[in-house]
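>>> just coords:
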């Protein structure tokens, strides 16, 4: 009487790494290739396990919970869809208003319009300027960066 | 504590079949958690052992509220359309279009109602076919398997085009022979014992659109009767029924329905009695919708029956079909005796 659902959200990693004492915790980034032996060990272990066991664990639902799960899934999908549609709508409106403003400018002053729309192929996006993100890093930039001076032998 | 506070809890304007009748099940579906454990589990130990997924208790009420609100919006739209329907002329194209739209919206409004979802998936035996949402669920189920299977059998067994050129299936046709107490439907293309087919079948025709009083014609034809004189095979009409009134709820053609009006039987049932060593006989069941027009002055011949001519003359539209097969077995002679038929022929490798 159980209804099974395979989720992509829940990832079971602990049973894969239980033998190696590996913990997946977000810490300071290590240098690439520093823990070569452990990685190799993990790869070997994964290659031994069957593909079936590497898949996310099945959620076993009773019929009532399966129905609830479907309602939740549907409502979440609709929620995300609506949100995306709203964002797209706002972007569309922004674009339209920029376009209208540009057309106004063109009718008012051709000189300013051409000045505003000249291409500047040599000009690049300044590297110092960060693109604003929702999750900025703790250290924004390396303010005290000095390039390494190679020692002459 | 029940979650239902809006439109899904009101049964004054909605059919009571849109909710589950069991009180325990209703509580389970309309509570954030399962207060008395899962109802679908029979054993007490399994009930105790079962745990709902983490977080469902918190998320489900929000999801339910959201879906119910959406349903309310759809119902508001339905109210508008109902007003438009009332003002539209009877039988006009606009009215037909609006009615179809209303049916679609009614199905949409209830699609993610947990009670309906539960019934559609776990209580399929007792679905109320007057409700658009259940009809749509049945249609989806039929299209996912039975429809494809029927078409495959009709095509691989060459029922299409040996009897009629083609078919665009609109209805689900199920047949059942009353040879034993177990009610099982015949899988399309199955070879049945002549003992089984000795009595006429019960035919179930499931329509997925709303049907109030529609008339149907049913023909069972066998295109595999050896015709030695012309060195070919001929078609025999085994059973012919006409003007059978059916609706969504009353959708079974059984002896009771045929006894109501004896003119409904065009030609009486003749069981398949294949000849020994002749090829397996295919018996094609064709269902036609008459679009409300009764057939008048129809005459049919049992042997050398031309089904294509019959369909053309009576302006019939094939909406569904089924096929079963019959081959010579040791019951054939008994069936022949039962119906007073002459002794069967025996065919040989070299024609004698």
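Looks like it arrived, so ask away. Bear in mind that the values here come from a model prediction, so they are computed numbers and not experimental data.

>>> For the residue of chain B most remote from its centre, list the residues it contacts.
No residue in chain B sits farther from the centre than residue B:352, which is 45.8 Å out by Cα atoms, centre = their mean. Residue B:352 sits next to no residue when contact means Cβ atoms under 8 Å, 6 or more residues apart in numbering or on different chains. For the C-beta atoms, the positions are set from N, CA and C on the backbone; glycine is no exception.

>>> Residue B:332 now?
Applying Cβ under 8 Å, 6+ apart, the residues near residue B:332 are B:194, B:273-274, B:276, B:344.

>>> Pull the contacting residues for the residue in the stretch 151-300 of chain B that chain A sits nearest to.
At 22.4 Å from chain A, residue B:208 is the closest residue in the stretch 151-300 of chain B, using Cβ to the nearest Cβ. If you count contacts by Cβ under 8 Å, 6+ apart, residue B:208 has them with B:135-136, B:138-139, B:142, B:170-172.

>>> Tell me the pLDDT of residue A:143.
For residue A:143, the pLDDT comes out at 86.

>>> what's around it, how many residues?
Using other Cβ atoms under 10 Å in any protein chain shown, residue A:143 is surrounded by 6 other residues.

>>> rewinding a little: so which of the contacts of residue B:208 sit within helices?
Among the contacts of residue B:208, the members found in helices (DSSP state H) are B:135-136, B:138-139, B:142.

>>> which of these has the most neighbours?
residue B:135 (23 neighbours).

>>> wait, doesn't it sit right on residue B:211?
No - Residue B:135 is beyond contact range of residue B:211, at 9.9 Å (criterion: Cβ atoms under 8 Å).

>>> Give the residues shared as contacts by those two.
By Cβ under 8 Å, 6+ apart, the residues touching both residue B:135 and residue B:211 are residue B:248.

>>> residues in contact with stretch B:59-66?
A:68, A:71-72, A:74-76, A:78-79, B:3-4, B:6, B:30, B:32, B:114.

>>> go with 10 Å
Contact with stretch B:59-66 is made by A:65, A:67-76, A:78-79, A:82, B:1, B:3-6, B:8, B:29-33, B:52-53, B:56, B:112-114, as judged by Cβ atoms under 10 Å, 6 or more residues apart in numbering or on different chains.

>>> one step back: next, format the ones in helices among the contacts of residue B:208 as CSV and append pLDDT.
Output for the ones in helices among the contacts of residue B:208, formatted as CSV (pLDDT from 0 to 100):
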residue, pLDDT
B:135, 96
B:136, 96
B:138, 96
B:139, 96
B:142, 96
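
>>> List, out of those, those positioned next to chain A.
Among these, none lies close to chain A by the criterion of Cβ under 10 Å from any Cβ of the partner chain.

>>> Okay, and residue B:90 sits in which element?
Mapping residue B:90 onto the secondary structure by DSSP states H and E places it in no helix or strand at all.

>>> Look up how far residue B:132 lies from it.
21 Å (Cβ to Cβ, to the nearest Å).

>>> out of these two, which sits in the more crowded spot?
Under the neighbour definition other Cβ under 10 Å, residue B:90 and residue B:132 were set side by side, and residue B:132 has more, 21 against 5.

>>> residue contacts, that one?
Here residue B:132 is in contact with B:102-111, B:208-210 (Cβ under 10 Å, 6+ apart).

>>> ok, back up a step: out of the ones in helices among the contacts of residue B:208, the closest to chain A would be?
Nearest member of those to chain A, counting by Cβ to the nearest Cβ, is residue B:136, at 15.6 Å.

>>> Any buried residues in the helix or strand containing residue B:66, and which?
Here residue B:66 is covered by helix B:56-87, with elements defined by DSSP H and E. For helix B:56-87, the neighbour count (16 or more other Cβ atoms under 10 Å in any protein chain shown) marks B:56, B:59-60, B:63-64, B:66-68, B:70-71, B:74-75, B:78 as buried.

>>> These into TSV, with extra columns for pLDDT and distance to residue A:108?
Formatted as TSV, the buried residues of helix B:56-87 follow (pLDDT from 0 to 100; distance: Cβ to Cβ, whole Å):
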residue	pLDDT	distance to residue A:108
B:56	94	59
B:59	96	54
B:60	96	57
B:63	96	52
B:64	96	55
B:66	96	48
B:67	96	51
B:68	95	52
B:70	95	47
B:71	96	51
B:74	96	48
B:75	96	51
B:78	96	51
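
>>> Compile the ones in helices among the contacts of residue B:208 into JSON lines and extend it with columns for distance to residue A:38.
Output for the ones in helices among the contacts of residue B:208, formatted as JSON lines (distance: Cβ to Cβ, whole Å):
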{"residue": "B:135", "distance to residue A:38": "59"}
{"residue": "B:136", "distance to residue A:38": "55"}
{"residue": "B:138", "distance to residue A:38": "56"}
{"residue": "B:139", "distance to residue A:38": "56"}
{"residue": "B:142", "distance to residue A:38": "55"}
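
>>> you'd agree residue B:221 is in a helix?
No - checked against DSSP: H, G, I helix; E, B strand; the rest coil, residue B:221 lies outside a helix; its state is strand.

>>> Name the residues linked to it by a beta bridge.
Counting by DSSP bridges, residue B:221 forms beta bridges with residue B:237, residue B:284.

>>> Surely it touches residue B:303?
No - if you go by Cβ atoms under 10 Å, residue B:221 and residue B:303 don't touch, sitting 11.3 Å apart.

>>> The two: which has the busier surroundings?
For residue B:221 versus residue B:303, neighbours defined as other Cβ under 10 Å are more numerous around residue B:221 (24 against 10).

>>> Strands of chain B, residue ranges please.
Under the criterion DSSP state E, chain B contains strands at B:172-176, B:191-192, B:202-206, B:214-227, B:232-246, B:252-253, B:265-267, B:281-289, B:317-326.

>>> Make TSV from these and add distance to residue A:146 to it.
Below are the strands of chain B laid out as TSV (distance: least, Cβ to Cβ, whole Å):
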stretch	distance to residue A:146
strand B:172-176	79
strand B:191-192	88
strand B:202-206	80
strand B:214-227	88
strand B:232-246	89
strand B:252-253	89
strand B:265-267	101
strand B:281-289	86
strand B:317-326	83
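
>>> how about those strands in a markdown table, adding mean pLDDT?
Formatted as a markdown table, the strands of chain B follow (pLDDT from 0 to 100):
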| stretch | mean pLDDT |
| --- | --- |
| strand B:172-176 | 96 |
| strand B:191-192 | 96 |
| strand B:202-206 | 95 |
| strand B:214-227 | 96 |
| strand B:232-246 | 95 |
| strand B:252-253 | 94 |
| strand B:265-267 | 93 |
| strand B:281-289 | 97 |
| strand B:317-326 | 96 |
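
>>> do you know which of these lies nearest residue B:22?
For the strands of chain B, distance to residue B:22 was read as Cβ to Cβ. The smallest value, 25.6 Å, belongs to strand B:202-206.

>>> Contacts only, for residue B:240.
If you count contacts by Cβ under 10 Å, 6+ apart, residue B:240 has them with B:217-221, B:264-269, B:298, B:300, B:302, B:305, B:310.

>>> ugh, typo on my part, it should be residue B:212
Contacts of residue B:212 by Cβ under 10 Å, 6+ apart are B:245-248, B:292.

>>> out of the residues you listed, what pair is the most spread apart?
B:248 and B:292 (15.4 Å).

>>> These two - which one has more neighbours?
Neighbours per residue (other Cβ under 10 Å) separate residue B:248 from residue B:292, with residue B:248 holding more: 19 against 9.

>>> and the gap between the more buried one and residue A:125?
Here residue B:248 is placed at a distance of 65 Å from residue A:125 (Cβ to Cβ).
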